[in-house]
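Q: One predicted model, sequence on top.
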Amino acid sequence: MKKGLVFRSTGSWYTVQSGGVFYACRIKGRLRLQDIKSTNPVAVGDWVGFEEVPNSDKPEGIIIEIQERQNYIVRKSVNLSKQTHIIAANIDQVFLLITLDNPPTYTAFIDRFLVTAEAYQIPVILVFNKIDSYTLDKQKEIEKLGSLYSKIGYTTMKISALKQTHIEQIAAYMEDKVSMFAGHSGVGKSTLINALAPDLELKTAPISEQHQQGMHTTTFAEMHALPNGMKLIDTPGIKGFGIVEMEAAEIGSYFPEFNRLKSNCKFHNCLHQNEPECAVRTALEQGAIAASRYENYLQLLENDMTYR
Ligand SMILES: Nc1nc2c(ncn2[C@@H]2O[C@H](COP(=O)(O)OP(=O)(O)OP(=O)(O)O)[C@@H](O)[C@H]2O)c(=O)[nH]1
Ligand SMILES: [Mg+2]
Ligand SMILES: [Zn+2]
């Protein structure tokens, strides 16, 4: 059996790198049943064991086992609300790309993403892209949003992938790590990756063209290894995020600024809703916790209830 890393998954075929060779692999039928809650049993970033198919023209294999994942980022499957789709596994950090216009990114989306990543302790770096294109008003909005998240403790960056402004800040974080690039369709993930690694020549497209085609430009997650040891994963734009496999009581602990105050709440199991002497709500009233964060938290709590 060989061991390899999944670079690409298109549904039925997986590209697995092992000893510098890329193998086109299928999954052994029986494996499909193991993880019935996800639509894809093997994801980009997975370490797998596979048997090489003898006497084939090109390197080919059959995946027979998947190594336990350190972490993974899931979204709810598009059609089947109970099912999840694993976007990528074994990630060291995520660059979440955010734009205010073309397309708009709302804090509800940002906070859902952060909660998912916090649950697996995956560091997220918030990257405000397209700074070359904003009006003064929008620039101010970016400043506010950036300081909202940096106060909580997140690293934030302002860049232009197109004009290649400040992209060296991103490269500095990538050394020896597996980095995932996430965000809505059209925020510039592939453009940024092309700027970081021009040899890749990833496909990018203006939003207007995406809408005409009714599809995303990047259609499946793919890992790329750069000569200097960095690995990155380009992902298709994510629309919505469902928080899966999370208890109501857990959610607050994935809001770092809430979690820091939690011990000051009167009740140890305070959900920061209507409980008396809640330190989180006091902080909210004093302006120490952002209203958007609190609203998005409440929404997550409600969603969480309706799923069960
Ligand atoms: N003005 C400006 N446009 C940008 C910037 N970065 C990307 N774009 C444009 O935004 C559009 C979408 O970029 P892509 O890189 O294809 O976006 P994506 O996030 O990979 O989209 P999906 O693959 O569909 O998820 C393209 O027309 C890019 O040229 C930027 O910094 N400034
Ligand atoms: Mg793309
Ligand atoms: Zn509380």
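A: Yep, that arrived. Ligands and ions are numbered 1, 2, ... in the order given.
Q: The closest residue to residue 207 other than its chain neighbours in helix, strand or coil?
A: Closest residue in space to residue 207, ignoring its immediate chain neighbours: residue 186 at 4.2 Å, by CB to CB, 6 or more residues apart in numbering. Heads up, the C-betas are built off the backbone N, CA and C, glycines and all. Counting by DSSP: H, G, I helix; E, B strand; the rest coil, the backbone at residue 186 sits in coil.
Q: for residue 186, what are its contacts?
A: Taking CB atoms under 8 Å, 6 or more residues apart in numbering, we find residue 186 in contact with 99, 102-103, 206-207, 210, 217, 237.
Q: Point out where the protein drops to low pLDDT.
A: 30-37, 77-82, 208-215, 240-245, 304-308 (pLDDT under 70).
Q: In what element of secondary structure is the residue of it most remote from its centre found?
A: Residue farthest from the centre of the chain, counting by CA atoms, centre = their mean, is residue 55 at 38.8 Å. Following DSSP states H and E, there is no helix or strand that holds residue 55.
Q: if I look at it, how far off is residue 25?
A: Applying CB to CB, to the nearest Å, the value for residue 55 to residue 25 is 16 Å.
Q: do the same with residue 218
A: 21 Å.
Q: Tell me which of these two has more neighbours.
A: residue 25 (27 against 20; other CB atoms under 10 Å).
Q: which residue is nearest the middle of this structure?
A: Geometric middle of the chain (CA atoms, centre = their mean) lands on residue 182, at 4.7 Å.
Q: Show me how to select, in ChimeraX, the buried members of the contacts of residue 186.
A: To isolate the buried members of the contacts of residue 186 in ChimeraX, using 16 or more other CB atoms under 10 Å:
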select :99,103,207,210,217,237
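Q: Among the contacts of residue 186, which one sits closest to residue 277?
A: Closest approach to residue 277 among the contacts of residue 186 (CB to CB): residue 99, at 40.1 Å.
Q: all strands of the protein, in order?
A: Assigned by DSSP state E, the chain shows strands spanning 2-9, 14-18, 21-27, 47-52, 60-66, 72-76, 84-89, 93-98, 124-128, 155-158, 178-182, 222-225, 231-234.
Q: can you redo these as CSV with distance to ligand 2?
A: Shown next, in CSV, are the strands of the chain (distance: least, CB to the ion, whole Å):
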stretch, distance to ligand 2
strand 2-9, 14
strand 14-18, 18
strand 21-27, 21
strand 47-52, 25
strand 60-66, 26
strand 72-76, 16
strand 84-89, 13
strand 93-98, 10
strand 124-128, 14
strand 155-158, 19
strand 178-182, 8
strand 222-225, 10
strand 231-234, 6
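Q: Reformat those as CSV; add distance to residue 109.
A: What follows is these, written out as CSV (distance: least, CB to CB, whole Å):
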stretch, distance to residue 109
strand 2-9, 24
strand 14-18, 29
strand 21-27, 32
strand 47-52, 30
strand 60-66, 29
strand 72-76, 11
strand 84-89, 14
strand 93-98, 9
strand 124-128, 12
strand 155-158, 16
strand 178-182, 10
strand 222-225, 22
strand 231-234, 19
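Q: what would those strands look like in JSON lines with distance to ligand 1?
A: Putting the strands of the chain into JSON lines (distance: least, CB to the nearest ligand atom, whole Å) gives the following:
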{"stretch": "strand 2-9", "distance to ligand 1": "15"}
{"stretch": "strand 14-18", "distance to ligand 1": "19"}
{"stretch": "strand 21-27", "distance to ligand 1": "22"}
{"stretch": "strand 47-52", "distance to ligand 1": "26"}
{"stretch": "strand 60-66", "distance to ligand 1": "26"}
{"stretch": "strand 72-76", "distance to ligand 1": "13"}
{"stretch": "strand 84-89", "distance to ligand 1": "12"}
{"stretch": "strand 93-98", "distance to ligand 1": "6"}
{"stretch": "strand 124-128", "distance to ligand 1": "10"}
{"stretch": "strand 155-158", "distance to ligand 1": "10"}
{"stretch": "strand 178-182", "distance to ligand 1": "8"}
{"stretch": "strand 222-225", "distance to ligand 1": "11"}
{"stretch": "strand 231-234", "distance to ligand 1": "7"}
